[in-house]
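# fold the following, please.
(one chain, ligands or ions: 2)
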Amino acid sequence: MSHAWGYSAENGPEKWVTKLPHRRWVPASPPSTIVPADASYDAGLKPLCLKYDAKDCIDILNNGHSFQVTILTEGLQTDPISGVYRLKQFHFHWGGAERSWLRLHLVHWNTKYPSFGEAASKSDGLAVVGVFLKVNRAENAQLQKVLDTFDAIKTKGTQTTFPGFDPTTLLPGCLDYWTYDGSLTTPPLLESVTWIVCKETISVSPAQMASFRALQFSGAGEAACCMVDNYRPPQPLKGRAVKASFQ
Ligand SMILES: NS(=O)(=O)c1ccc2oc(=S)[nH]c2c1
Ligand SMILES: [Zn+2]
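Numbers count the residues shown, from 1 in each chain. Ligands and ions are numbered 1, 2, ... in the order given. Modelled structure (predicted):
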């Protein structure tokens, strides 16, 4: 596997900061769990309104860290921060003791900037909607459409078309959320993310969790390395305020 960043002991989160020599500190990315008592209700926060049109769904790619679905559609219409954000891609992270959790990240960029790349370097450039997924008996039928592509994207660098998928089908029914400023959870760890984390979770079955863990970090022809624990461990809030859209 390449010496680039990853999630192993050799190239994992403890080593990432060494790859960012210009950084004297490790930017705080979102804590993996939010302590509701630490959040303060903000009546000024707008309802989370997510509208995506599946007609421009592009493809699904195993990028060696996770898999990512790229969709070119309208994104957040209104949001806790001003401006219109466009969905760029969504992906997942998964792991934990007893293989117990997954995180969905819907990545949006502020269209006041000319591109995602430009936006990613600006403090108000990105908005990532996070949804926690819990493993229990229930199976999410819409999510299964994503998992049905896994045979075609088993190894790093493989991709396949993924037409007509609407990511809103993966969202919980209630869109109450917490929001706070943070960073990307993977290199380059840019501090350009407004995190918007849904209070409600969605469920996946153990069989669906096993499908995620059967993907591989490794490329075809390399020693197989299962894609597991592809997440950055929880980071301290470092004094960042967490606001809640609900009481
Ligand atoms: N995991 S995440 O913080 O949502 C996220 C979103 C977009 C990204 O683009 C690069 S490059 N790294 C990224 C990490
Ligand atoms: Zn992510």
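
# list the contacts for the residue nearest the centre of the chain?
Note on the chain: the residue nearest the mean C-alpha position is residue 105, at 2.2 Å, using Cα atoms, centre = their mean. Taking Cβ atoms under 8 Å, 6 or more residues apart in numbering as the criterion, residue 105 is in contact with 90, 91, 92, 93, 128, 129, 130, 185. Where you see a C-beta, it was placed from the backbone N, CA and C, and this is true even at glycine.

# can we see that at 6 Å?
Residues in contact with residue 105 (Cβ atoms under 6 Å, 6 or more residues apart in numbering) are 91, 128, 130.

# and which of these is nearest ligand 1?
Using Cβ to the nearest ligand atom, residue 128 is the member of the contacts of residue 105 that sits closest to ligand 1, with 4.4 Å.

# any regions of the chain where pLDDT drops low?
Residue ranges of the chain with pLDDT under 70: 1-3, 18-35, 56, 73-83, 97, 99.

# which residues of it lie near ligand 1?
Where the chain comes near ligand 1, counting by Cβ under 6 Å from any ligand atom, the residues are 105, 107, 128, 184, 185, 186.

# doesn't the third one belong to a strand?
Yes. Inclusion of residue 128 in a strand is indicated when DSSP: H, G, I helix; E, B strand; the rest coil is applied.

# what are the ranges of the helices in this protein?
Per DSSP state H, the chain carries helices over the ranges 13-16, 116-119, 141-147, 206-213.

# would TSV of those helices with distance to residue 223 and mean neighbour count be doable?
Output for the helices of the chain, formatted as TSV (distance: least, Cβ to Cβ, whole Å; neighbours: other Cβ atoms under 10 Å):
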stretch	distance to residue 223	mean neighbour count
helix 13-16	20	16
helix 116-119	33	16
helix 141-147	24	16
helix 206-213	17	16
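
# tell me where this structure has strands.
Assignment of strands within the chain using DSSP state E yields the ranges 39-41, 49-50, 57-62, 67-78, 85-95, 101-110, 126-135, 159-161, 177-182, 193-198, 202-204, 242-244.

# which other helices and strands contact the fifth one?
When contacts are defined as 3 or more Cβ pairs under 6 Å, 6 or more residues apart in numbering; DSSP states H and E, strand 85-95 packs onto strand 67-78, strand 101-110.

# my guess is residue 58 meets residue 87, correct?
No. Taking contacts as Cβ atoms under 6 Å, residue 58 lies outside contact range of residue 87: 11.0 Å.

# might you report the residue contacts of residue 167?
By Cβ under 6 Å, 6+ apart, residue 167 lies in contact with 52, 90.

# which of the helices and strands packed on strand 85-95 sits most buried?
strand 101-110 (a mean of 23; mean count of other Cβ atoms under 10 Å).

# send the alpha carbons of that strand over as PDB?
C-alpha atoms of strand 101-110 as PDB (Å, rounded to 0.1, in the frame of the first residue of the first chain):
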ATOM      1  CA  TRP A 101     -21.100   2.400  14.200                       C
ATOM      2  CA  LEU A 102     -20.900   4.200  10.900                       C
ATOM      3  CA  ARG A 103     -20.800   7.900  10.000                       C
ATOM      4  CA  LEU A 104     -22.300   9.400   6.800                       C
ATOM      5  CA  HIS A 105     -20.700  12.600   5.700                       C
ATOM      6  CA  LEU A 106     -22.500  14.700   3.000                       C
ATOM      7  CA  VAL A 107     -19.900  17.200   1.800                       C
ATOM      8  CA  HIS A 108     -21.100  20.600   0.500                       C
ATOM      9  CA  TRP A 109     -19.100  23.700  -0.700                       C
ATOM     10  CA  ASN A 110     -20.100  27.400  -0.500                       C
END
